[in-house]
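In: Take this sequence and fold it.
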Amino acid sequence: MDVPHTPKMDVLRAANHAYFLGMSPSYVIIQMTQLGVLTWPELARKNGFVKSAKAIAEVTPIALKVMGMVIREGYKQRGVKGAADMVITSDMLEKAGMSEADAVFLIKVMAEGKIDIGNAARSVGRVAEGETGFETLKIASSFGYASETVTRVITALASKRLYDAKPAGQKPASDPVKYAVHTINESMMDYNTTNIARMTGKRGFAGAVTPVSVSFLQYQFQLLEKMYREFHDAYTSDPSLSKEEQEAKQKEAKRFLASHMFSMLTLAGTLGLPFATAIAAAADKLCSLGDSDYCDSKTALRNMTAEVFGHDIEPLISKGWLPRGAGFDVSERAGEGNLLPFSKFLADKRKMEDRLKDLAWSSWGAPSSMVAGVYKGYERMADGDLIGGMQEAVPLALKGPVKAFEMSEKGYTDKAGNVLPMTPGARDIMLQAIGLNPGENADYQAAKFAQSQRKGVLNREGTIIRQKLASAIEQGDQSAVRDWMAKAQVYDAENPERGILPAMGATLQQRARAKAQAAGTGTPLGVSPRDYEAQKFTSFYRPQ
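Out: Down below sits the predicted model:
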């Protein structure tokens with residue numbers, strides 16, 4: 001493969017990664033969840049649920065001890081820069097107390113490139129070391145790289161434990177290294193250049209900019225492919241296999257899917273299950289074809305869960321019992337509800353033009369969000385909102401502490417600076433400081449978003465009916481008046497607080513007055529006749 005040499009784009013990608021993920025404790029936590037979401041299911045498919053969980057639990061302290069030794073030894077040799085390198089050697093494995101057999105095994109796995117391959121975190125290190133000398137980027141990415149390395153070491157060692165425990169005739173591969181490599185590829189993903197889709201590489205749809213614009217989508221792409229293969233293996237037949245082989249293959253795939261779904265329910269709840277957003281969007285479309293004035297399947301599901309199990313239990317079911325039991329919410333970050341591309345676009349209930357604008361903006365990828373955040377933060381600070389501006393502009397690792405400081409002073413606040421009707425405790429402030437969203441705040445945000453979506457849809461529908469009815473009356477079109485009057489009556493019956501007909505007289509008077517004022521002052525509709533400066537501002541316009 002001929003991969004273009006683009007140091008400037010590599011630096012931008014590295015800076016982008018460091019801005020969103022560098023030194024972020026919450027990213028480390030999310031990265032570690034891969035062990036439960038993918039490693040455990042992948043091991044369980046051939047070794048069983050309990051044995052696989054025990055193997056992961058057994059090797060985790062060893063892997064953490066290895067990483068601690070690697071960081072300490074690196075720091076002794078080159079200070080902070082050496083610690084950020086995190087180079088694993090056989091001497092370090094020996095010092096960490098690892099058995100000779102495990103150390104030899106791990107060195108072989110490393111030789112296959114499966115411990116030191118990583119995703120964007122390692123790319124940051126390569127950019128900083130090989131091209132630019134930006135050691136700060138490598139240090140900033142060290143948190144992500146450390147968590148990534150730990151999860152891969154755990155996966156490799158757990159694979160060896162389970163491989164060694166198998167009888168000779170039931171080994172899943174010819175040797176433990178091959179089995180570990182396969183398990184790492186399937187659970188930690190293979191981010192090697194040769195395994196990246198051509199259209200997302202440096203010769204992709206946007207040329208050398210492509211990897212930058214899809215910086216954080218490689219995991220989504222590969223997980224989507226993984227889920228497709230598992231569903232395919234579980235529910236289709238392969239004519240090249242014998243009946244026994246086919247049954248074994250389907251059983252393993254179903255076991256993977258079952259354990260994966262259990263992990264998703266644990267971490268992200270029912271709303272974090274794969275494709276939940278796309279399924280809800282489809283359900284909303286079907287619902288809107290009926291008599292209902294507004295449909296929101298996700299909110300309806302949460303309401304039903306609260307009615308059946310109670311409001312204290314509902315978040316544990318809908319958003320994941322493990323994190324919500326600990327007081328925080330990671331359902332959007334660890335969940336797979338938006339796994340299908342364009343899920344959010346399909347579920348968005350705003351006007352199509354607004355949805356398309358956001359889609360076009362997001363198509364520029366994470367760098368556009370970084371630039372926009374810095375710019376918006378600068379604007380807010382220029383307007384005197386120092387804390388709010390810092391929350392917009394600073395890297396993600398610093399957003400949490402800034403927000404936590406504001407919470408300790410004011411309590412929960414929104415972007416407009418309004419103090420919310422909730423009181424954060426010490427645990428909530430601590431969670432916010434490390435970048436985790438407290439559960440109570442997450443529920444408030446979800447309720448506010450659901451209400452704003454509903455308000456926008458109903459207001460938009462009411463505005464259309466009101467405008468069409470007023471135009472029909474002004475034009476004297478009796479047939480159109482009857483049609484829109486009927487629609488207004490239905491709307492008013494379903495939404496009495498937004499009544500169209502009671503205010504129709506005032507609407508017609510306002511439209512007539514606006515037209516008269518525009519004609520008298522020679523200005524466009526909507527300009528106040530008292531605003532003389534506005535009239536002068538567009539003096540080039542003179543109606544005929």
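In: Report the contact partners of residue 328.
Out: If you count contacts by C-beta atoms under 8 Å, 6 or more residues apart in numbering, residue 328 has them with 431, 436, 437, 438, 439, 442. Bear in mind the C-beta positions are built from the backbone N, C-alpha and C, glycine included.
In: Contacts only, for the first one.
Out: What that stands for is residue 431. Here residue 431 is in contact with 327, 328, 437, 438 (criterion: C-beta under 8 Å, 6+ apart).
In: Include distance to residue 406, secondary structure and pLDDT when you put the contacts of residue 328 into JSON lines, please.
Out: Shown next, in JSON lines, are the contacts of residue 328 (distance: C-beta to C-beta, whole Å; DSSP: H, G, I helix; E, B strand; the rest coil; pLDDT from 0 to 100):
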{"residue": "431", "distance to residue 406": "14", "secondary structure": "helix", "pLDDT": "95"}
{"residue": "436", "distance to residue 406": "16", "secondary structure": "coil", "pLDDT": "94"}
{"residue": "437", "distance to residue 406": "14", "secondary structure": "strand", "pLDDT": "94"}
{"residue": "438", "distance to residue 406": "13", "secondary structure": "strand", "pLDDT": "95"}
{"residue": "439", "distance to residue 406": "19", "secondary structure": "helix", "pLDDT": "95"}
{"residue": "442", "distance to residue 406": "17", "secondary structure": "helix", "pLDDT": "94"}
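In: of all those, which comes closest to residue 400?
Out: Using C-beta to C-beta, residue 436 comes nearest to residue 400 of the contacts of residue 328, at 7.6 Å.
In: Look up how far residue 334 lies from that closest one.
Out: With the distance defined as C-beta to C-beta, to the nearest Å, residue 436 ends up 11 Å from residue 334.
In: Same check on residue 191?
Out: For residue 191, the distance to residue 334 - C-beta to C-beta - is 19 Å.
In: mind listing what's buried in stretch 443-451?
Out: 443, 444, 445, 446, 450 (16 or more other C-beta atoms under 10 Å).
In: Make sure the last one is actually in contact with residue 296.
Out: Okay, so that is residue 450. Yes: in this structure, residue 450 is within contact of residue 296 by C-beta atoms under 8 Å, at 6.0 Å.
In: Quick check: which element contains residue 380?
Out: Using DSSP states H and E, the element containing residue 380 is helix 366-382.
In: got the CA coordinates for the helix or strand just after that helix in CSV?
Out: Following helix 366-382 in sequence order, the next helix or strand is helix 386-393 (DSSP H and E). Extracted in CSV, the C-alpha atoms of helix 386-393 (Å, rounded to 0.1, in the frame of the first residue of the first chain):
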residue,chain,number,x,y,z
LEU,A,386,-15.4,33.6,31.7
ILE,A,387,-16.5,30.3,33.2
GLY,A,388,-19.0,29.5,30.4
GLY,A,389,-16.4,30.4,27.8
MET,A,390,-13.8,28.2,29.4
GLN,A,391,-16.3,25.3,29.3
GLU,A,392,-16.7,25.8,25.6
ALA,A,393,-13.0,26.4,24.7
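In: any idea of the angle helix 386-393 forms with helix 366-382?
Out: Orientation check (axes from the mean of the first three to the mean of the last three C-alpha atoms, to 10 degrees): helix 386-393 against helix 366-382 gives 170 degrees.
In: Now do the very next helix or strand once past helix 386-393 against helix 386-393: the angle between them, please.
Out: Remark: after helix 386-393, the chain's next helix or strand is helix 396-410, criterion DSSP H and E. Orientation note: helix 396-410 sits at an angle of 160 degrees relative to helix 386-393 (the same axes, to 10 degrees).
In: for helix 396-410, packing partners?
Out: Contact partners of helix 396-410 among helices and strands, from 3 or more C-beta pairs under 8 Å, 6 or more residues apart in numbering; DSSP states H and E: helix 7-21, helix 25-32, helix 386-393, helix 426-433.
In: residues of that helix that come out buried?
Out: By 16+ other C-beta under 10 Å, the buried positions in helix 396-410 come out as 396, 397, 398, 399, 400, 402, 403, 404, 405, 406, 407.
In: which one of those residues is nearest residue 156?
Out: Of these, the one sitting nearest to residue 156 (C-beta to C-beta) turns out to be residue 397, at 28.3 Å.
In: and the closest one, what does it touch?
Out: Under the criterion of C-beta under 8 Å, 6+ apart, the neighbours of residue 397 are 21, 22, 23, 24, 25, 140, 143, 435.
In: now, the most widely separated pair of these?
Out: Maximum distance among the contacts of residue 397 (C-beta to C-beta): 14.3 Å, for 140 and 435.
In: pLDDT-wise, which helix or strand of the chain ranks last?
Out: helix 120-127 (a mean of 49; mean pLDDT, DSSP states H and E).
In: Against which helices or strands is the helix or strand following that helix packed?
Out: Downstream of helix 120-127, the next assigned helix or strand under DSSP H and E is helix 135-140. In terms of contacts (3+ C-beta pairs under 8 Å, 6+ apart), helix 135-140 is packed against helix 7-21, helix 49-85, helix 120-127.
In: so what's the residue nearest the centre of the chain closest to, chain neighbours aside?
Out: For the chain, the residue sitting closest to the mean C-alpha position, by C-alpha atoms, centre = their mean, is residue 333 at 4.4 Å. Using C-beta to C-beta, 6 or more residues apart in numbering and skipping residues adjacent in sequence, the residue nearest residue 333 is residue 30, 5.3 Å away.
In: cool, residue 53 as well?
Out: residue 40 (6.2 Å).
In: secondary structure element for that neighbour?
Out: helix 40-47.
In: So what touches that helix?
Out: 49, 52-53, 55-56, 158-159, 162, 165-166, 172, 183, 186-187, 252-253, 255-257, 259-260, 263.
In: Just the buried ones out of those residues, please.
Out: In those, burial by neighbour count holds for 49, 52-53, 55-56, 158-159, 162, 166, 172, 183, 186-187, 252-253, 255-257, 259-260, 263, counting by 16+ other C-beta under 10 Å.
In: picking up where we left off before, so which of the contacts of residue 397 would you say is closest to residue 384?
Out: Nearest to residue 384 among the contacts of residue 397: residue 435, at 26.2 Å, using C-beta to C-beta.
In: and that closest one, what helix or strand is that in?
Out: Residue 435 belongs to no helix or strand, assigned by DSSP H and E.
In: How confident was the prediction at it?
Out: As predicted, residue 435 sits at a pLDDT of 92.
In: got the contact list for it?
Out: With the criterion set at C-beta under 8 Å, 6+ apart, residue 435 makes contact with 24, 25, 26, 27, 396, 397, 399, 400.
In: repeat for residue 150
Out: By C-beta under 8 Å, 6+ apart, the contact set of residue 150 is 32, 63, 64, 67.
In: Let's have those in TSV, adding neighbour count and distance to residue 412.
Out: Putting those into TSV (neighbours: other C-beta atoms under 10 Å; distance: C-beta to C-beta, whole Å) gives the following:
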residue	neighbour count	distance to residue 412
32	16	27
63	23	38
64	14	35
67	19	36
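In: Of all pairs in those residues, which one spans the longest distance?
Out: Pairwise across the contacts of residue 150, and taking C-beta to C-beta, the largest span is found between 32 and 67, at 12.0 Å.
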